[in-house]
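*Asks:* Return a 3D structure for these sequence lines:
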Amino acid sequence: MIRLLHTADWHLGQTLMGWSRENEHEAALASLVEIAVARDVDALIVAGDVFDTQNPSERAEATLFRTLVELRHRLPAITVVVLAGNHDPAGRIEAPRPLLAELGVHVIGRVRRRDEALDLDRHLIRLAPRAGGPDVHVLALPHLGPASLPPFDRHGEEPGSPVVRAVRAFHDAAIASARARIGATPLVVTGHLTVGGGLESEGAERRILIGGEHAVPSDLFPSDLAYVALGHLHRPQAVGRPTVRYAGSLFPLSATERDYDHGVSLVEIDADGSRVEHVSIPRPVGFLRLPARGAMVLADVDAALTGLDLAPDLPLERRPFVQFSIRLEAPAPGLKADLDRIAAAHPVRNVGHLVERPDRAAEPPAPVPRDLADVAPEDLFARAFLETHGFEPDARHRARFDSLLDRLAETEA
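*Replies:* Have a look, this model is predicted:
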């Protein structure tokens with residue numbers, strides 16, 4: 001039997017509305033290590049987006065390396081597979097590869113080929129089985145950039161998306177090549193992409209297929225695979241079948257992820273098949289919506305924060321994040337500043353607000369012109385402002401827009 005832990009989307013170095021997440025990452029990764037030790041896992045797969053940016057900070061990199069060293073100390077036989085995601089610097093993440101190999105860590109930043117075929121010596125990783133168990137291999141595939149895919153014709157007449165066909169052709173060839181080497185023994189495949197049917201987190205995940213394409217179908221992965229370890233979507237979930245799974249992020253990376261049950265996926269593979277269990281990770285700090293349902297007026301915010309009954313001397317890194325939902329009856333151009341001022345008097349971290357406006361009588365939508373040249377820029381601005389905010393722009397908003405138009409005209413001149 002092989003017991004592996006699947007995780008993804010750490011986003012080390014991320015900030016939220018200017019607030020550092022470093023302490024949360026360190027706490028969540030400490031929990032991950034404890035889960036790995038308690039469950040006595042043989043392998044760990046990190047399915048991309050280890051870092052949040054292409055230029056991670058020194059502390060973000062140190063957190064990664066410290067976690068890998070701790071895993072090796074606590075589980076000397078563990079095999080670790082780290083894949084690059086779309087956020088990761090592929091070359092930089094591979095740079096310490098010779099050193100990390102001494103810790104049993106396989107780092108895959110880019111697709112590598114040999115003789116025009118996938119380099120299986122790099123991408124196909126054997127996991128040593130426990131006594132009496134079958135061999136298990138991991139086909140370690142990172143985020144696929146344009147250079148990773150076979151040539152495709154965007155303007156061909158064949159139906160369907162040429163990009164999705166290219167992604168399918170790549171996976172078909174990679175899996176067939178792995179099967180030719182290992183036969184019918186259990187095979188785990190990784191991926192960092194969006195699979196159709198997966199539930200996204202609004203505003204949190206980029207659409208990362210080439211050319212504006214969005215998702216690949218779940219039948220990209222053959223049913224005989226023991227497990228598919230996916231990254232990119234932050235909600236823990238299976239797609240299509242229980243063994244095609246996103247592990248999700250370690251904790252909420254945005255307000256839309258506040259209600260997820262974050263954690264890791266524990267996978268056991270033996271001669272009888274695969275079993276998957278979601279293991280929750282304790283949330284390092286609270287992430288609240290005030291109020292929990294509906295909305296409040298601005299005048300009630302101070303009392304709602306007082307009602308949280310938080311210790312006034314709570315250290316900054318332990319203060320909960322709070323997103324407010326505010327009901328407005330009229331324009332409130334200073335709302336953000338007011339919320340910042342009120343929140344600053346309490347041991348919380350303000351990460352933004354939602355606005356609820358009174359229902360307006362249904363009005364027929366204004367006809368959309370066939371040509372934007374038929375509409376004055378000021379009218380387009382007013383229409384967009386109304387659709388976004390629920391009320392007409394006032395003289396101050398219009399003056400600011402006119403100023404931007406003047407600056408644009410000066411630039412073009």
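
*Asks:* Next, A332: secondary structure please.
*Replies:* Recorded secondary structure, A332: coil (DSSP: H, G, I helix; E, B strand; the rest coil).

*Asks:* and it, how many neighbours?
*Replies:* When counting by other Cβ atoms under 10 Å, one arrives at 15 neighbours for A332. Backbone N, C-alpha and C define where each C-beta goes, glycine included.

*Asks:* which residues does it contact?
*Replies:* 298, 326, 338 (Cβ atoms under 8 Å, 6 or more residues apart in numbering).

*Asks:* Return the members of these classed as buried.
*Replies:* 298, 326 (16 or more other Cβ atoms under 10 Å).

*Asks:* Identify each buried residue in whichever helix or strand A169 is part of, please.
*Replies:* Secondary structure assignment for A169, by DSSP states H and E: helix 162-182. For helix 162-182, the neighbour count (16+ other Cβ under 10 Å) marks 162-168, 170-171, 174-175, 177-179, 182 as buried.

*Asks:* again, but for stretch 223-242
*Replies:* 225-240.

*Asks:* Surely F221 and A229 touch.
*Replies:* No - counting by Cβ atoms under 8 Å, F221 does not reach A229; the two are 10.6 Å apart.

*Asks:* what sits in contact with each of the two?
*Replies:* 189, 191.

*Asks:* Turn the contacts of A332 into a markdown table, including distance to S57.
*Replies:* Shown next, in a markdown table, are the contacts of A332 (distance: Cβ to Cβ, whole Å):
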| residue | distance to S57 |
| --- | --- |
| L298 | 36 |
| I326 | 34 |
| D338 | 33 |
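
*Asks:* which residues sit against stretch 58-65?
*Replies:* By Cβ under 8 Å, 6+ apart, stretch 58-65 touches 10, 12-13, 22, 25-26, 29, 50-52, 96.

*Asks:* rerun that using 10 Å as the cut-off
*Replies:* 10-14, 20-22, 25-26, 29, 46, 50-53, 56-57, 82, 92-93, 96, 99-100, 103, 105 (Cβ atoms under 10 Å, 6 or more residues apart in numbering).

*Asks:* sorry, back to before: which one of the buried residues of helix 162-182 is nearest E317?
*Replies:* For the buried residues of helix 162-182, the closest approach to E317 (Cβ to Cβ) belongs to V167, at 40.6 Å.

*Asks:* any idea how far the closest one is from V195?
*Replies:* To V195, V167 is 11 Å away according to Cβ to Cβ, to the nearest Å.

*Asks:* which ones among the contacts of A332 are found in strands?
*Replies:* I326 (DSSP state E).

*Asks:* Could you export the contacts of A332 to a markdown table, including columns for pLDDT and distance to L118?
*Replies:* Conversion of the contacts of A332 to a markdown table gives the following (pLDDT from 0 to 100; distance: Cβ to Cβ, whole Å):
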| residue | pLDDT | distance to L118 |
| --- | --- | --- |
| L298 | 95 | 58 |
| I326 | 95 | 53 |
| D338 | 95 | 57 |
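
*Asks:* Of the contacts of A332, which is the nearest to D119?
*Replies:* Using Cβ to Cβ, the contacts of A332 come closest to D119 at I326, 54.8 Å.

*Asks:* Wait, the closest one touches N350, no?
*Replies:* No - using Cβ atoms under 10 Å, I326 and N350 do not qualify as a contacting pair, with a distance of 12.0 Å.

*Asks:* and for those two, which residues touch both?
*Replies:* L339.

*Asks:* pLDDT value on T411, please?
*Replies:* Note on T411: pLDDT of 63.

*Asks:* Also R207?
*Replies:* For R207, the model assigns a pLDDT of 57.

*Asks:* related to what we said a few turns ago, now do the helix holding A169: which elements does it pack against?
*Replies:* Contacts defined by 3 or more Cβ pairs under 10 Å, 6 or more residues apart in numbering; DSSP states H and E place helix 162-182 against strand 117-118, helix 120-123, strand 124-127, strand 136-139, strand 187-192.

*Asks:* Give the bridge partners for R241, please.
*Replies:* With DSSP bridges as the criterion, R241 is bridged to V239.

*Asks:* again, but for the one 5 residues further on
*Replies:* When bridges are called by DSSP bridges, Y246 pairs up with L230, Q237.

*Asks:* Is it in contact with A238, as I believe?
*Replies:* Yes - in this structure, Y246 is within contact of A238 by Cβ under 10 Å, at 7.9 Å.

*Asks:* anything in contact with each of those two?
*Replies:* 198, 228, 230, 265.

*Asks:* Nearest to F321, out of the buried residues of stretch 223-242: which one, please.
*Replies:* Among the buried residues of stretch 223-242, and counting by Cβ to Cβ, the member closest to F321 is H234, at 15.5 Å.
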